[in-house]
Structures are given as C-alpha cells and as structure tokens.
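> Got a sequence here, can you build the structure:
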Amino acid sequence: MAARKISRRIAIAGGGPAGLSAALAAAKAGMECVLFERGRIGQGIQCAEGIFDPAGLIPLDRDAIRTRIRRAVLRVREQEFSFGLGARNRFYVIDRSSWQVSLGRRAREAGVEVREGVAVQPEALLGDFDSVIDARGAQAYFDRWESLPRRPGFGVQWTLAGDFSRWRDAIDVEIYDPQPGYFWIFPKGTGEANVGFGCLEKLRGSFWEVLEGYLRRQGLDGYQRVRKIGGFLVGVAPVEAMAGRLIRVGDAGGFASALHGGGIDAAWLTGRLAAEAIARGEPAHFYRELNRKLGFLRQVEQKVFDKWQAEGAVALEKAGRLLAENGPLLRASVRFVTSGVLGAAVQRVFQQAVPREFYLPPTGR
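Residues are numbered from 1 along each chain as shown. The predicted structure follows:
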C-alpha cells in the first residue's frame, strides 16, 4: 500500500545512518524529502563499525555483516574475563560502506531525492523546507563545542590485515589504567580487524604511541596497516536537539555512547523519530520514544561511567568479575528489568534513583 501523502517538505543534511533512517521514515510517512550528502553515500566512514542493537531497531543486509559477536573478552588490571553475550544478542561488526550504499538505494527507490556532493548548512535550508533534520555527524556536533555540558573523548584506530582467527566471534576490550580509556579489537572476519584506543577525557600523552604499545603487547605490530582514522568519541546527551523547525540527530546531536561501541543504534533511532515527530506534528514524540527505547540503557551506562571516573579501573575489574562469574544470571536480570509488567515496576524504581530523564528535552518543552 502506498504511503499517504503528507503536505510537509523536509530536508536532511547528511547521508550516514541517522540521515538515511530519517529519509526512509519520511518516505514511509508520505512526506516529500530531499537528502543532501557532502560526499557520496558510503564513503568517509569513521568508526569501529560495531553495531550493538539490543532493541532490534536496525535493518541489516546479510551481505553487510562481517562478524556476529557472541562473546567478549575484558582485560582489566592484568585480569582477563571472558563471557558470552547470549544466544539472542544483536552485536555485529559490519562493513558500513556497503550497508549505507544499500540504504541509499532503498531511500531512492522509496522516493527520496538524494543529492550527493552537496555540502549544506541546515539553518540555511529552513527558508525552502518546512523542517530540517541535521544528520551531518560528529562535525556538526563539534560546531557547538563551547556549549557542550561535558567535553567528549577522542579515539584513534588502525584497520589491520592479518590472522584474527582467535577473535573470529569475539570483541576484545582492554581497560587503560592511567585514565578512563580503553583499547578495542573488532574483528571483520578472520583476516581483518579494527584495532583502536580511545580516552574519555584529555589524554596525558600521545594517542598513537599508546596504541602502538598495545599492538606490540598483542603481537599485532607486524600486521599490515590498511586504514588509519581518528575522531572524537561523541557521548554527551544534548539539552537542545530541537531548535524550532530544526532537529539534530545521531552524532550531530550527541546521541551516542562511548561505552557500548558507538552510536549507530541511537543514530538510527533518532533519525527515525525525528521524521515521525515531523509527520505527526508532535515534537514531544521524539523525546518520549527516545527515552522509552534507549533511556534506561543510557542511564545504566552513565552510572558505569560515573563509577569508573570516581574509582578508576578497579570498578571495571569488579564488573568484569561479576559478568564472568554470573553472566547468565545477569543477562536474565537485564531481560527481567526491561520487559513485562513487573519489569516496568523495577525500571521505575531504578529511574527514581536518577531524578531526570537521560535525554533532556529543550527548556520550556
């Protein structure tokens, strides 16, 4: 059945996961939609390419999946903890380039006008469109650097080619003891992996030198260097994602988490919710559904981060031991507190300990 035509014309700036999600949702709602991408869709990927999707929000083509992650290794203070992620987990390492190309094709087929090679300032589009969605990624986020409530971290990464068979279905995370930081290995099959280092505060030293030391410890320093990237770890919940007829989504709005492997889940959800809120003419829909889907998870992550900052790596050593010893019980507990009538009651009790929603609506809304 064809979507009912809604007399709203929207522009989307950015052709990453958030922008493509918004475009597909806008087309589904029957709105006229133009997506602007300064490069080409699927180019300029700057991430570890991990998707953690516990809510099952993201459509993935089988061809885009390189590895399904079934277990995790956590190294803290010379201790190593290994635990499974559960039979129903949704944690993948993908090829984001091919995935986004596929999504771009789907958007065009759905009637979205895609203009590649066109850089735009979202505010300048407000004269020609009823609403504008800013999905330009981290660069747009850092245009507002001075207004951020907390400075984000930074990360560097090599894509390496070599024998990664011992990580064929596992992510490997090692906690950096001197400061709140961590190393990661995200396998893309058995012959390639993204290996990086990020710090959630200003690092005392050189990021690349710290990463090189890690590669030597892991015996990876002789592997072929395929690609080198660096970028900010966006992870500050914004207070003004909405500014009149402009909505910031994905990294452009700070909707990400440096703790669970990135923000593709939040990018996808915020893009979709922005388009739905515009179609409904109901701005409150954006924050209400965002908190319902991801707010509880982010509250938990914020508590972990606060404890990490306050107690150092020893806090994560305790968490690693609990996961290794009681993984199945903890996973059952997570399912328990996030589903069902009793789970909703437990969730409310937890939320009372955090006297605000994790994602704050703009002042006065």
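> ok, residue 279 touching residue 27?
No - applying C-beta atoms under 8 Å as the test, residue 279 and residue 27 come out as separate, 10.5 Å apart. Yep, even glycine has a C-beta here, placed from its N, CA and C like the rest.
> quick one, helices of the stretch 201-350 of the chain?
In the stretch 201-350 of the chain, the segments counted as helices under DSSP state H, counting those that start in this stretch are 207-218, 264-280, 284-290, 296-311, 313-337, 340-352.
> so which of those helices is the most packed in?
Most buried of these, by mean neighbour count (mean count of other C-beta atoms under 10 Å): helix 264-280, with a mean of 26.
> what's the offset of that one from the middle of its chain?
14 Å (C-alpha atoms, centre = their mean, to the nearest Å).
> With stretch 80-89 instead?
On the basis of C-alpha atoms, centre = their mean, stretch 80-89 sits 20 Å off its chain's mean C-alpha point.
> switch to numbering from 212
Understood, numbering begins at 212; the last thing we discussed is stretch 291-300.
> Alpha carbons only: can I get it in CSV?
C-alpha atoms of stretch 291-300 as CSV (Å, rounded to 0.1, in the frame of the first residue of the first chain):
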residue,chain,number,x,y,z
GLU,A,291,41.2,-11.3,32.0
PHE,A,292,37.4,-12.0,32.0
SER,A,293,35.6,-13.8,29.2
PHE,A,294,31.8,-14.2,28.9
GLY,A,295,29.2,-14.9,26.3
LEU,A,296,26.7,-12.3,25.1
GLY,A,297,23.7,-14.6,25.0
ALA,A,298,22.1,-16.5,22.1
ARG,A,299,19.8,-13.7,21.2
ASN,A,300,22.2,-10.8,21.3
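> So for it, mean pLDDT?
The average of the pLDDT scores along stretch 291-300 is 78.
> which ones are touching residue 372?
Neighbouring residues of residue 372 by C-beta atoms under 8 Å, 6 or more residues apart in numbering: 402-403, 434-435, 437.
> Repeat the analysis, applying 10 Å as the threshold.
Contact analysis of residue 372 by C-beta atoms under 10 Å, 6 or more residues apart in numbering lists 399, 402-404, 434-438.
> Doesn't residue 293 lie inside a helix?
No - Residue 293: not assigned to a helix; according to DSSP: H, G, I helix; E, B strand; the rest coil it is strand.
> Look up the residues forming beta bridges with it.
Counting by DSSP bridges, residue 293 forms beta bridges with residue 284.
> Looking at the helices of the stretch 412-561 of the chain, which is nearest to residue 342?
Smallest distance to residue 342 across the helices of the stretch 412-561 of the chain (C-beta to C-beta): 4.7 Å, for helix 475-491.
> For the closest one, name the packing helices and strands.
Here helix 475-491 touches strand 220-224, helix 228-239, strand 261-263, helix 307-320, strand 342-345, strand 457-459, helix 495-501, helix 507-522, going by 3 or more C-beta pairs under 10 Å, 6 or more residues apart in numbering; DSSP states H and E.
> CA atoms only: put the fourth one into CSV for me.
The C-alpha atoms that make up helix 307-320 are tabulated as CSV, following Å, rounded to 0.1, in the frame of the first residue of the first chain:
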residue,chain,number,x,y,z
ARG,A,307,29.4,0.2,7.0
SER,A,308,30.2,1.4,3.5
SER,A,309,28.2,-1.4,1.7
TRP,A,310,25.4,-1.1,4.3
GLN,A,311,25.0,2.6,3.7
VAL,A,312,25.1,2.2,-0.1
SER,A,313,22.3,-0.3,0.2
LEU,A,314,20.3,2.0,2.4
GLY,A,315,20.8,4.9,0.0
ARG,A,316,19.5,2.7,-2.8
ARG,A,317,16.4,1.9,-0.7
ALA,A,318,15.8,5.5,0.0
ARG,A,319,15.9,6.5,-3.7
GLU,A,320,13.5,3.6,-4.5
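> Between helix 228-239 and it, find me the angle.
With axes from the mean of the first three to the mean of the last three C-alpha atoms, to 10 degrees applied, the angle from helix 307-320 to helix 228-239 works out at 20 degrees.
> distance of residue 504 from residue 257?
With the distance defined as C-beta to C-beta, to the nearest Å, residue 504 ends up 25 Å from residue 257.
> swap in residue 282?
Taking C-beta to C-beta, one finds residue 282 at 27 Å from residue 257.
> Tell me where the model's unsure across the stretch 462-576 of the chain.
Along the stretch 462-576 of the chain, the parts satisfying pLDDT under 70 run over 469-473, 534, 536-576.
> go again using 50 as the cut-off
By pLDDT under 50, the low-scoring segments of the stretch 462-576 of the chain are 539-541, 543-544, 546-554, 556-557, 560-567, 573-576.
> I'd like to know which of the helices of the stretch 412-561 of the chain is closest to residue 368.
Evaluated with C-beta to C-beta, the helices of the stretch 412-561 of the chain place helix 418-429 nearest to residue 368, the distance being 8.0 Å.
> what helices or strands is the closest one leaning on?
Counting contacts by 3+ C-beta pairs under 10 Å, 6+ apart, helix 418-429 packs against strand 364-372, strand 381-387, strand 392-398, strand 403-410, strand 435-444.
> Which residue, neighbours along the chain excluded, lies closest to the residue nearest the centre of the chain?
Most central in the chain under C-alpha atoms, centre = their mean is residue 474, positioned 0.5 Å from the mean C-alpha point. Of all residues beyond its chain neighbours, the one nearest residue 474 is residue 467 (2.6 Å), with distances taken as C-beta to C-beta, 6 or more residues apart in numbering.
> wait, isn't that neighbour in contact with residue 480?
No - here residue 467 does not reach residue 480: they are 11.3 Å apart, not a contact under C-beta atoms under 10 Å.
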